[in-house]
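Q: Predicted model and sequence follow; I will ask about them next.
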Amino acid sequence: MTETKLGPALQGVRVRLRIDEDGTPNPPQLPSATIMRKLTGTDGRSYYLVRLDQPVKSLRWDTRQEWILNELAVINHFRDFPLEELFGTTVASVPVRILNLMTSLQTNVAVLDLSKAVEFARGMISLA
């Protein structure tokens, strides 16, 4: 598999990522972020690598341990509602599933290895 090329429409776009549900009573608020690139996951689906402006400490619901959110991967929550819909005339935000990358991705990595990412939340992404 190779990296899916991301057209100029999304790469470098500033976004807001909101966590609606992460299994904890008070999901963290995230700072603005930038879409870095689009990758194909080991499941064959398209994911977007998003880098937060500042790292955020958060409580991981399943282990109750603190972890850092910095480089995240997002995928549309509904297959028929892609992130590209953000550029539609009536769509303000898109529902997404959010994964925390457990290791930083090198720029030459072409595939998102889902065994090195933890899906931890559902939320919304919108243009910043």
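A: In hand now; what should we look at?
Q: So which bits of stretch 24-44 are buried?
A: 27, 30, 33, 35, 36, 37, 38, 39, 40, 41 (16 or more other Cβ atoms under 10 Å). (Glycine included, C-beta is placed from N, CA and C.)
Q: what mean pLDDT does that stretch have?
A: Averaging pLDDT along stretch 24-44 gives 94.
Q: mind checking how far that stretch is from the chain centre?
A: 2 Å (Cα atoms, centre = their mean, to the nearest Å).
Q: what about the residue most central in space within the chain, which helix or strand?
A: Nearest to the mean C-alpha position of the chain, by Cα atoms, centre = their mean, lies residue 74 at 2.6 Å. Assessed by DSSP states H and E, residue 74 sits inside strand 66-76.
Q: Need the contact partners of the biggest strand by length in the chain.
A: Counting by DSSP state E, the longest strand found in the chain is strand 46-59. Applying Cβ atoms under 8 Å, 6 or more residues apart in numbering, the contact partners of strand 46-59 are 4, 6, 10, 15, 17, 22, 24, 27-41, 65-75, 83, 99, 101, 105, 112, 125.
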